[in-house]
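S.K.: Sequence below, structure please.
(chains A and B)
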Amino acid sequence: QVQLQESGPGLVKPSETLSLTCTVSGGSISSYYWSWIRQPAGKGLEWIGRIYSSGSTNYNPSLKSRVTMSVDTSKNQFSLKLRSVTAADTAVYYCARGPRGYYYDMDVWGQGTTVTVSS
Amino acid sequence: QSVLTQPPSVSGAPGQRVTISCTGSNSNFGAGFDVHWYQHLPGTAPKLLISGNSNRPSGVPDRFSGSKSGTSASLAITGLQAEDEADYYCQSYDSSLSGWVFGGGTKLTVL
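M.R.: Numbers count the residues shown, from 1 in each chain, chains lettered A, B, ... in the order given. Predicted structure coming up:
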């Protein structure tokens, strides 16, 4: 059974870069798409972007200028970097498997990690 | 303001049937993109509940069902149980935004 676990600093200063890693266990990262999603307190879910195991990416246009995703197949991990953060980036960040296309879902999720942007 | 609109809350007594609506537009549901539903208890991993409009992944009870018509979708839960108390989210793809989108979430309270 595939499981995902997010990790990274829980506190990031304004204007700095938020960096998170998602570790995939119980299965291979290869041949799948992997996404990052976030949820600010009291708000809905927002898709940040996805990466294929080969490294190709798709980003939410509203965040594209600040986001970089990468994958390390040898470690079964993929990562998120969000630059120039502000308080508006404070949220619970989730990693998930998928979607593999326009018509598809995200079928496995991590428990999420809280990131606070504050000085 | 989420692209997909859900009621903030719904409630029902044990054993009853509740529905959660998800209203989209011509750039998502109306364009033919599927709806998917997730169940989320705070502090836990969101769980895929309904895939591809109406398909239940393995292990999801048949008390949960989904449908989509035009620019709207809905999730129905019959035989409501205390363990169903959670937040529910709909999700689809939006061609205008060029990305995957979610509803704002609906909190289900079992009275």
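S.K.: for chain B, which spans come out with low pLDDT?
M.R.: For chain B, no stretch is flagged by pLDDT under 70.
S.K.: What parts of it come near chain A?
M.R.: By the criterion of CB under 8 Å from any CB of the partner chain, the positions of chain B lying close to chain A are B:2, B:33-34, B:36, B:38, B:43-48, B:51-52, B:57, B:89, B:91, B:93, B:97-105. Placement of C-beta: from N, CA and C, glycine included.
S.K.: Got a PyMOL select line for the buried ones in these?
M.R.: To isolate in PyMOL the members of these that are buried, counting by 16 or more other CB atoms under 10 Å in any protein chain shown, one can use:
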select buried, chain B and resi 2+33+34+36+38+45+46+47+48+51+89+91+93+99+100+101+102+103+104+105
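S.K.: Check the separation of the first and last residues in stretch B:101-108.
M.R.: 21 Å (CA to CA, to the nearest Å).
S.K.: can you list contacts of that stretch?
M.R.: The contact list for stretch B:101-108, computed with CB atoms under 8 Å, 6 or more residues apart in numbering or on different chains, reads A:37, A:43-47, B:2-12, B:18, B:20, B:22, B:28, B:40, B:77, B:84-94.
S.K.: Could you give the number of residues near residue B:21?
M.R.: Here the count is done by other CB atoms under 10 Å in any protein chain shown, and residue B:21 has 16 residues near it.
S.K.: Surely it is in contact with residue B:72?
M.R.: Yes - the pair residue B:21 / residue B:72 is scored as a contact, 6.5 Å apart, by CB atoms under 8 Å.
S.K.: which strand residues sit across from the residue most central in space within chain A in the sheet?
M.R.: A centroid search over chain A (CA atoms, centre = their mean) returns residue A:36, at 2.7 Å, as the residue closest to the centre. The bridge-partner assignment for residue A:36, based on DSSP bridges, gives residue A:49, residue A:95.
S.K.: Can you read off the pLDDT for it?
M.R.: According to the per-residue confidence, residue A:36 scores 98 in pLDDT.
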